[in-house]
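Novice: fold the following for me, if possible:
(one chain, ligands or ions: 1)
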Amino acid sequence: MTLGRKGRRRAPDVDLSVSLGALQLPNPIIAASGTFGHGAELAALCDPGAIGAVTTKSVAVFASEGNPPLRVAEAPGGGMINSVGLPGPGVDAWIAHDLPALEARGARVIASIWGRTVADYEAAARALKNVAHRVIAIEVNLSCPNVEARAQVFAHAPETTRDATNAVVDALGGAAPVFAKLSPNVTDLVAIAGAALDAGADGLTLVNTVMGLVIDAQARAPRLGAGGGGVSGPPIHPVALRAVWEVSRAYPGVPIIGTGGVSTGEDAVEMLLAGASAVGVGTATFLDPRATLRIVEELGAWCAQNDVARVRDLIAGLGADGLGENRLGENRLGENRLAGDRLTEDRSGGQIQ
Ligand SMILES: Cc1cc2nc3c(=O)[nH]c(=O)nc-3n(C[C@H](O)[C@H](O)[C@H](O)COP(=O)(O)O)c2cc1C
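Specialist: Model (predicted):
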């Protein structure tokens, strides 16, 4: 072990490697789907081979146009709202033109797929089966309207989550691990995560964007062309942490890619402590194209400063009961109470004021 001047470990000595089930990654930082292009667009600015993995923009079995402009706008609190509508060239074109560019840069590729029907998911997975040895996993983006069920989003119900995930798992026949990417816009995420795991998912990606709306008051109109959109970036970090925390405690040991509002190394530490085995970074890349690499560096520095020799030791590291130091209902919370305020707890440790 190399020691710095104060006897602390220097960042290069920190072991950043993590396992996501059977997958081994050199570090836990993964570019989130839709925020790192389809292929190697960002490669000149940020070496895709130096981060844990790159999840590609979701592709369907068909080519798709996406939504009308404006597709992306700022959201309060340093966030972003988008309704891009999943434009893309289709899975065959992606395999022909985009995958080779990422492979050439040494990226570990997670291919993301979407569909409008269960059959679409199955067809996209079948197309990817032939190249399964060239990707490390398939991510199933379930935040898509199901045209066979009054446009209800697949990830908003356990049954449709199960059906679409199962179709992908069956079509791949074990050729690649499957990660189901779930939506935070639900009341019982644990039940929906359970449905994805029952259907054979090897792991989960938590979470996609939070449903929202931004309004241009002068124009008296929504800012986005499609009306509502999905909020991402720092404002959703606590939402994502809670999703990861609840699901990881319900299904200990299930690999989770914790995603939502991570823009610093310390945000990534929090995601690992909540129970994620790897950390997705999305919106931060729009602000700083090198964000994923910077977060790898900051994570290493945080570990070195805090005498953490192996980053994997942070995973689900909040303590035996999951509440750690900041135990709700004990003195710390009590000390912060203002006279006259009434704070109660919900069953899973949240505060209801
Ligand atoms: C512009 C934009 C496009 C996105 N496209 C996709 C997509 O194609 N598939 C998907 O599963 N998630 C997509 N996402 C969601 C992100 O992968 C991520 O789950 C979400 O933004 C939360 O992470 P963040 O706060 O770090 O951005 C997109 C997000 C943004 C901002």
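Novice: host element of Val186?
Specialist: Under DSSP states H and E, no helix or strand contains Val186.
Novice: quick check: it touching Ala195?
Specialist: No. Contact criterion Cβ atoms under 8 Å: Val186 and Ala195 do not qualify, at 11.1 Å. All C-beta spots, glycine's among them, are computed from the backbone N, C-alpha and C.
Novice: could you pull out the helices in the stretch 51-200 of the chain for me?
Specialist: Ranges of helices within the stretch 51-200 of the chain are 91-93, 99-104, 118-129, 158-172, 189-198, based on DSSP state H, counting those that start in this stretch.
Novice: roughly how far is the last one from the heart of the chain?
Specialist: Looking back up the chat, that one is helix 189-198. Here helix 189-198 shows a centroid-to-chain-centroid distance of 16 Å under the convention Cα atoms, centre = their mean, to the nearest Å.
Novice: that helix close to the ligand?
Specialist: No. Shown here: helix 189-198 not in contact with the ligand (Cβ under 6 Å from any ligand atom), separated by at least 13.8 Å.
Novice: in that helix, what counts as buried?
Specialist: Neighbour-count burial for helix 189-198, with 16 or more other Cβ atoms under 10 Å as criterion, is recorded at 189, 192-197.
Novice: now swap in the first one and tell me
Specialist: When burial is assessed from 16+ other Cβ under 10 Å, helix 91-93 yields the following buried residues: Val91.
Novice: residue numbers of the stretch 101-250 of the chain in contact with the ligand?
Specialist: Near the ligand, when you scan the stretch 101-250 of the chain using Cβ under 6 Å from any ligand atom, you find 112, 141, 181, 208-209, 232-233, 236.
Novice: low-confidence stretches in the stretch 251-353 of the chain?
Specialist: 320-353 (pLDDT under 70).
Novice: can you pull out the strands in it?
Specialist: 256-259, 278-281, 344-345, 351-352 (DSSP state E, counting those that start in this stretch).
Novice: can you pull the contacts of Leu299?
Specialist: 16, 27-29, 265, 268-269, 311 (Cβ atoms under 8 Å, 6 or more residues apart in numbering).
Novice: show the buried residues in these.
Specialist: Buried, going by 16+ other Cβ under 10 Å: 16, 27-29, 265, 268-269, 311, out of the contacts of Leu299.
Novice: widest-spaced pair of these?
Specialist: Spanning the widest gap among the buried ones among the contacts of Leu299 are Asn27 and Val269, at 12.8 Å by Cβ to Cβ.
Novice: by mean pLDDT, point me to the weakest helix or strand of this protein.
Specialist: The least trusted helix or strand in the chain, going by mean pLDDT, DSSP states H and E, turns out to be helix 331-336, with a mean of 34.
Novice: thought Gly280 was touching Ile257?
Specialist: Yes. Gly280 lies in contact with Ile257 (Cβ under 8 Å); the separation is 5.1 Å.
Novice: any idea how far the nearest residue to Val311 once chain neighbours are set aside is from Leu25?
Specialist: Among residues not flanking Val311 along the chain, Leu16 sits closest, at 4.9 Å (Cβ to Cβ, 6 or more residues apart in numbering). For Leu16, the distance to Leu25 (Cβ to Cβ, to the nearest Å) stands at 9 Å.
Novice: run through the bridge partners of the closest residue in space to Ala75 that isn't next to it in sequence.
Specialist: Excluding the flanking residues, the one nearest Ala75 by Cβ to Cβ, 6+ apart is Ile81, at 4.5 Å. Bridge pairing for Ile81 (DSSP bridges) gives the partners Ala73, Val231.
Novice: how many other residues sit next to the closest residue to the ligand within the chain?
Specialist: Residue nearest to the ligand within the chain: Gly34 (1.9 Å; Cβ to the nearest ligand atom). Per other Cβ atoms under 10 Å, the neighbour tally for Gly34 reads 22.
Novice: contacting residues around it?
Specialist: By Cβ under 8 Å, 6+ apart, the residues touching Gly34 are 57-58, 84, 112, 282.
Novice: repeat that with 7 Å
Specialist: 57-58, 84 (Cβ atoms under 7 Å, 6 or more residues apart in numbering).
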